[in-house]
Every structure is written in C-alpha cells, then in structure tokens.
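K.L.:
my questions are about this predicted structure, shown below with the sequence.
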Amino acid sequence: MGAENVFTAQVAKLWLAPVGTTAPDGPAVAMPTGWYDVGMFTPDSLNWATDPQFEETRAHQSNYPVKRWQTEDSATLEVDLLEWTLKSFQAVYGGGSVEKVTPSGGGTAYYKFTPPAIGQRVEVAACLELGDGPLRRMRRIIPRAEQAEGVEQTFEKTSSSTLPLRLSVLGSDVGSAYYDVIAESWAAFNPAPA
C-alpha cells in the first residue's frame, strides 16, 4: 500500500472506430488505423458506470435474501464534447449522414447533417485512454457500443455549448463486452511477490 497506488486521470482521451476495427495491443502503443480521437471534452463530464441487475429469493425464516443471482449487466460511458465536428455530430446522434451542398445559385458550399432515422443508428467501438504520468497508463476497450439516449443541449451566452456523448455498452457471444489493458509498470497491478 502507498501513494504509488493512487490514480489521478491527468490524461484522458476517447477514441471511436467502426465496429470490428483492430483494437490497440497495449496501453501505450500507437492507435491502429481506423480510430479517431473525439477531441476535447469538459473536465468534469467523463463518467463510467456499470449497473448489474439481480433477482432474489426470500424465505420466511430470514430477514435477508437466501439466494441472489445476476440476471443482467449494463455499462455506460459519458463525456460532453467541446469540439463541434461533423464526426462529433455523428457520434452524438448515433450516426446520420453528412452531405456537402453547393448552392445552385452560387455561393459558399456548406454541409448538411441529417440525424439517423429510427432503426438506423450505427454501433461504434470505443477506447477510453487514461494516464497518470508516463508509466501509469490504461485503456478501456469497448468492442461494441451505441449512442442510446436523446441529445439535450443548452446554448448559453456565457459558456461553451457541448455535445453530450452517451455510449451504452453492447455485448456479444464472442469475447468480453469491455476490458482493460494496463501498463505492467503500474505498481498497483504488478505487486511484488510475497
């Protein structure tokens, strides 16, 4: 036990990619082709939550459950994006189309973003990268996730507007729904043998 086991996420990045993109093979290697950094997000918005669900059997002879079993699991990753890009819009709305439009009467071209229709949301892979100094690095890999919430925004005159990214982890019959890769040098995960 000691201060070396205290973790402060001084560095945080979130990467997204199409489902099936090769995941990084380690906590500090370069990201494989296909991943993109979502950019800056607010310092207080990065949240990870799991929510296991259980059923219980109760007996008249006990004030406590006599048996409990897990029936479901869920996890979510949340950030409020500061950077407004076309990829950010697609991430936050769960897909959608981007079309470059050139006005027929001339003038400056612009982009038209259309959110996805019902049933057209796109799954993504996600990688949350966290670091506390050069040696204490980890990445949480999520092979499948989906933006499964509505988009609520405020547009204030005195503060930057954000894009709320809310990813729900999806499972599959192959591999884990998410997993962490952690630097070997991290003392908390590499204790000295007894």
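P.N.:
Received, thanks.

K.L.:
please count neighbours and contacts with C-alpha atoms only from this point.
P.N.:
OK.

K.L.:
hmm, who's touching the longest strand anywhere in the chain?
P.N.:
Across the chain, the longest stretch assigned as strand under DSSP state E is strand 136-147. Strand 136-147 has contacts (C-alpha atoms under 8 Å, 6 or more residues apart in numbering) with 19-20, 23, 26-28, 91-94, 121-131, 165-171, 177-183, 185-186.

K.L.:
and for stretch 113-132?
P.N.:
Residues contacting stretch 113-132 (C-alpha under 8 Å, 6+ apart): 7-21, 27, 86, 89-90, 93-99, 137-147.

K.L.:
cool, stretch 164-184 as well?
P.N.:
26-28, 74-81, 91-92, 135-149, 151-153, 189-190.

K.L.:
now residue 96: phi and psi?
P.N.:
phi 100, psi 170 (degrees, to the nearest 10).

K.L.:
typo on my end, it should be residue 10
P.N.:
Per-residue torsions, residue 10: phi -70, psi -30 (degrees, to the nearest 10).

K.L.:
mind checking pLDDT for it?
P.N.:
Residue 10 is assigned 89 on the pLDDT scale.

K.L.:
which stretch of helix or strand covers residue 130?
P.N.:
Assigned by DSSP states H and E, residue 130 belongs to strand 124-132.

K.L.:
quick one, helices of the chain?
P.N.:
Taking DSSP state H as the criterion, the chain contains helices spanning 86-93.

K.L.:
for it, which segments are assigned as strands?
P.N.:
For the chain, applying DSSP E gives strands covering 11-18, 36-37, 47-50, 53-57, 67-72, 75-81, 97-101, 110-114, 124-132, 136-147, 163-169, 179-182.
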